[in-house]
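Visitor: Need coordinates for the below:
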Amino acid sequence: MKFLVVIFGLILLYWPRFFARLQRDQWFSGWQAWVNNLAVCKGAPGLGLVIALAAPVLILWLLLAGLRGEFFGLPYFFANVLVLLYAFGRGDSREQVDALLEDLHRGDMQAAFRDLAFFTANGSGGEAEDHEAFGEELKARLAYSYFERHLAVVFWFMVAGAPLALLYRLSVLYRQNVQDHDPSDNAGDKWLWLMEWLPLRIVGFTLALVGHFQTAVGRWRELLLSGESSQRVLLAVVNAAMSPAGVGGGSEEANRLAGGEVISQMVKEVEGLFYSAIVCWLVLISLVLILS
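Guide: As a prediction, the model looks like this:
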């Protein structure tokens, strides 16, 4: 059933406006603020984190347990689909990539620099000061965006069901809210890093399978036990998995003359890597289901 839910959810990703209203997070922001204002949680951000994340996940688990077996399992199925759609990342990634490619095609690098905010959960602008740095920053943000929006969610859903997929999305939202209001509180960062550690290693190996295997798997092994941030580890593996021509943003002169074509090609290659990775996952899951 999980596999059917994932297939259905991925199909619905082609109509993001269909579930845009579902992905409203004001309820969680209000809940998180209320929890953190409790006397018992003040000065103990770890406790606030546990309460804010555990309560919604527990409620969902109880709800799904009650729906299991009712009306031939249809309510249970559609409840899982709704949770999966909510757990997927925010925004229309296809529209955002198309807007970026259009700006690059027109040679409007100023607009392309602004587009970096599309690929960050908190919408922060870019810090790059030249084309080469822009290429690397864009690659890091784009790769992590595909991981955070889709692959990490699918991983946790297949491993532990809708409650863990919801837990991952709420963990991302929790960190985002903390960064907006109290950057000194790093409990959310540490917890999200833990949640991303295993799926990131699985995704990294998958990228090696669909990319330049020998180079990428070597880099993946070097970073297997790394304590670096998810974005840094993922960027290193993506760089190794891409073709030599796709690594790096290109020289300043080359990017200027090509009007952003070098960076456009890099965007398309990163996009192709992650599309191939999700297809690889679906094929492997299908084989496991058939053979089991």
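
Visitor: CA only for contacts and neighbour counts going forward, please
Guide: Noted.

Visitor: the longest helix in the chain is where?
Guide: The residue-count maximum for a helix in the chain (DSSP state H) belongs to helix 261-291.

Visitor: for that helix, packing partners?
Guide: Where contact means 3 or more C-alpha pairs under 8 Å, 6 or more residues apart in numbering; DSSP states H and E, helix 261-291 is packed against helix 93-105, helix 131-146, helix 187-210, helix 252-258.

Visitor: By mean pLDDT, flag the weakest helix or strand of this protein.
Guide: Within the chain, confidence by mean pLDDT, DSSP states H and E is lowest for helix 252-258 among all helices and strands, at a mean of 46.

Visitor: returning to that earlier point: now the angle from the longest helix of the chain to helix 93-105?
Guide: Counting by axes from the mean of the first three to the mean of the last three C-alpha atoms, to 10 degrees, helix 261-291 lies at 160 degrees to helix 93-105.

Visitor: Which parts of helix 261-291 count as buried, going by neighbours?
Guide: 261-264, 266-267, 269-271, 273-274, 276-278, 280-281 (16 or more other C-alpha atoms under 10 Å).

Visitor: Identify the residues contacting the closest residue to residue 158 other than its chain neighbours.
Guide: Closest residue to residue 158 apart from its sequence neighbours, by C-alpha to C-alpha, 6 or more residues apart in numbering: residue 2 at 6.3 Å. Contacts for residue 2 were tallied using C-alpha atoms under 8 Å, 6 or more residues apart in numbering; they are 157-158, 161.

Visitor: Repeat the analysis, applying 10 Å as the threshold.
Guide: Contacts for residue 2 (C-alpha atoms under 10 Å, 6 or more residues apart in numbering) come out as 8, 77, 80-81, 154, 157-162.

Visitor: Can you go through those and name the buried ones?
Guide: When the contacts of residue 2 are checked for burial by 16+ other C-alpha under 10 Å, the buried set is 77, 80-81, 154, 157-158, 161-162.

Visitor: Farthest pair within these?
Guide: Spatially, the most separated pair among the buried ones among the contacts of residue 2 is 77 and 154, at 15.6 Å (C-alpha to C-alpha).

Visitor: Check the burial of residue 64 by counting its neighbours.
Guide: Counted with other C-alpha atoms under 10 Å, the neighbours of residue 64 add up to 18.

Visitor: Phi, psi for it please.
Guide: Backbone geometry at residue 64, expressed as degrees, to the nearest 10, gives phi -70, psi -40.

Visitor: from memory it sits against residue 74, does it?
Guide: No: in this structure residue 64 lies outside contact range of residue 74 using C-alpha atoms under 10 Å: 11.5 Å.

Visitor: shared neighbours, these two?
Guide: By C-alpha under 10 Å, 6+ apart, residue 64 and residue 74 have these common neighbours: residue 80.

Visitor: Distance check, the closest residue to residue 189 other than its chain neighbours against residue 181.
Guide: Distances taken as C-alpha to C-alpha, 6+ apart put residue 175 closest to residue 189, at 6.1 Å, once the chain neighbours are dropped. Distance of residue 175 to residue 181, given as C-alpha to C-alpha, to the nearest Å: 10 Å.

Visitor: Please say which of these two ends up with more neighbours.
Guide: More crowded of residue 175 and residue 181, by other C-alpha under 10 Å: residue 175, with 23 against 10.

Visitor: Which strand or helix spans that one?
Guide: helix 162-181 (DSSP states H and E).

Visitor: Pull out the buried positions in that helix.
Guide: 162-179.

Visitor: ok and it relative to helix 187-210, angle-wise?
Guide: Going by the same axes, to 10 degrees, helix 162-181 is angled at 120 degrees with respect to helix 187-210.

Visitor: now for helix 162-181, which elements pack on it?
Guide: helix 26-36, helix 45-67, helix 74-87, helix 152-160, helix 187-210 (3 or more C-alpha pairs under 10 Å, 6 or more residues apart in numbering; DSSP states H and E).
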